[in-house]
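J.: here is my input; please provide its structure:
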Amino acid sequence: MAIEKSKVVEVLKGVIFFAKGDNIVDLGMLDDLEISGKKISFRLVFPRLDDPAVNIVSNAATKALKEEFGSDTEVSITPITEKEKGRGPLAGVKHIIAVASGKGGVGKSTVAANLAVALSKTGAKVGLVDADIYGPSVPIMFGVVDEAPGMTVKEGKQMILPLEKYGIRLLSIGFFVDTDKPLIWRGPMATSALNQLLSDADWGVLDFLVIDLPPGTGDIQLTLAQSYSITGAVVVTTPQKVAFADVRRAATMFRQDKLTIPLLGLIENMAYFTPTDMPEKQYYIFGKGHGQAFADALDIPLLGQIPIVEQITKSGDTGSPIALDDDSPVAKAFMEVASKIKAMVR
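T.: Purely as a prediction, here's the structure:
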């Protein structure tokens, strides 16, 4: 008896992709189904191919089909990515760069915002996601506190339309909550919010999507690593030796087998102080050479040293990231970092 496509589809509806909480047919993962005698072949579309779920789901599909149509049934499954298929909200994004830190207070969000600006100044199309769920700061840094993202309909689905400022597409949890009140969220609520910022938004075509992660290691980082194809992570530190333990934890997190996100390098923030009236001077008030030592110990490049200048706080508070100021030594430092990252991911 010939195997019918409708019966194959019915069987595959019993195979669940637990990361998205539904079966592979209703999720639209089944593609290019072909049947020839006792041979069944099709493709399965996943967000990323280095996810252990790829083998789990493929094996479950094979087992279900053989149980239904006989052990002599030949099942051929080819996993492909959403990007290969040209679908998914991030299909038009070439590179996703995560900005992380071992602890708060190192200027991670400032680095993420200015890195996005610097990448944009190189001619790249850039987006910025403020995934620091418990302390969103992008609305203030870009001067869009009183604005709200729009909505659009794409392929029959309502999507969030990111704001745009200085040529950069922006989304932050701060656009959707009262930032004067603390967010008391359990892990699943926080990860759900991240998924909405990424998967329920129309990002369009971007060269880079920079993601400002919460400090530390937790559910947000795990969700990001397991559900999205991340080009690489940048770790931010300050020069003090006491910060290295936290830096090491952040770096180690990305090197775990279940995360497998490449570490692009380390950025040493607040590396030295430069007076406004003497931009050629560099005062290493927290010590010199620590950032390079940290990078060497982690066996990753030191991407850049960002100086402390008086204008950096003012620029962030007034909604104009300092990387916009071509004459600032901070802007020049970020441009060097942006150039290195672009060269690394080509």
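J.: what is the subsequent helix or strand relative to the longest strand along the chain?
T.: Using DSSP state E to define each element, the chain has its longest strand at strand 263-273. Downstream of strand 263-273, the first helix or strand assigned by DSSP states H and E is helix 290-298.
J.: can you list contacts of that following helix?
T.: By Cβ atoms under 8 Å, 6 or more residues apart in numbering, the surrounding residues in contact with helix 290-298 are 235, 237, 239-241, 244, 247-248, 251, 263, 265-266, 268, 271, 301-302, 305. In this view, the C-beta of every residue, glycine as well, is placed from N, C-alpha and C.
J.: related to what we said a few turns ago, and the longest strand of the chain, what does it pack onto?
T.: Other helices and strands packing on strand 263-273, by 3 or more Cβ pairs under 8 Å, 6 or more residues apart in numbering; DSSP states H and E, are helix 108-121, strand 232-237, helix 244-254, helix 290-298, strand 302-308, helix 329-345.
J.: these into TSV, with extra columns for mean pLDDT and distance to residue 196?
T.: Shown next, in TSV, are these (pLDDT from 0 to 100; distance: least, Cβ to Cβ, whole Å):
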stretch	mean pLDDT	distance to residue 196
helix 108-121	95	19
strand 232-237	92	22
helix 244-254	81	23
helix 290-298	90	33
strand 302-308	93	30
helix 329-345	94	26
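J.: any chance of a markdown table for those, columns distance to residue 101?
T.: A markdown table is the format used below for the helices and strands packed on strand 263-273 (distance: least, Cβ to Cβ, whole Å):
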| stretch | distance to residue 101 |
| --- | --- |
| helix 108-121 | 4 |
| strand 232-237 | 5 |
| helix 244-254 | 6 |
| helix 290-298 | 12 |
| strand 302-308 | 13 |
| helix 329-345 | 15 |
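J.: before we move on, back to that, return a ChimeraX selection command for the buried portion of the contacts of helix 290-298.
T.: Those of the contacts of helix 290-298 that count as buried under 16 or more other Cβ atoms under 10 Å are selected in ChimeraX with:
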select :235,237,239,244,247,248,251,263,265,266,268,271,302,305
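J.: what angle do strand 232-237 and the longest strand of the chain make with each other?
T.: With axes from the mean of the first three to the mean of the last three Cα atoms, to 10 degrees applied, the angle from strand 263-273 to strand 232-237 works out at 30 degrees.
J.: now strand 263-273: average pLDDT?
T.: Taken as a whole, strand 263-273 has a mean pLDDT of 92.
J.: on that earlier part again, of the helices and strands packed on strand 263-273, which approaches residue 49 most closely?
T.: Proximity to residue 49 (Cβ to Cβ) singles out strand 232-237 among those, at 16.7 Å.
J.: tabulate the CA atom coordinates of that closest one in CSV.
T.: Provided in CSV are the C-alpha atoms of strand 232-237 (Å, rounded to 0.1, in the frame of the first residue of the first chain):
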residue,chain,number,x,y,z
GLY,A,232,29.9,35.8,18.9
ALA,A,233,30.0,37.4,22.3
VAL,A,234,32.0,40.4,23.6
VAL,A,235,32.9,40.5,27.3
VAL,A,236,33.2,43.8,29.1
THR,A,237,35.4,44.4,32.1
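J.: give me the helices and strands touching it, please.
T.: On the basis of 3+ Cβ pairs under 8 Å, 6+ apart, strand 232-237 makes packing contacts with strand 93-101, helix 108-121, helix 244-254, strand 263-273, helix 290-298, helix 329-345.
J.: report the buried residues of stretch 3-18.
T.: Quick answer for stretch 3-18 (16+ other Cβ under 10 Å): 3, 8, 11, 12, 15, 16, 17.
J.: since that was my last question, I'll sign off now.
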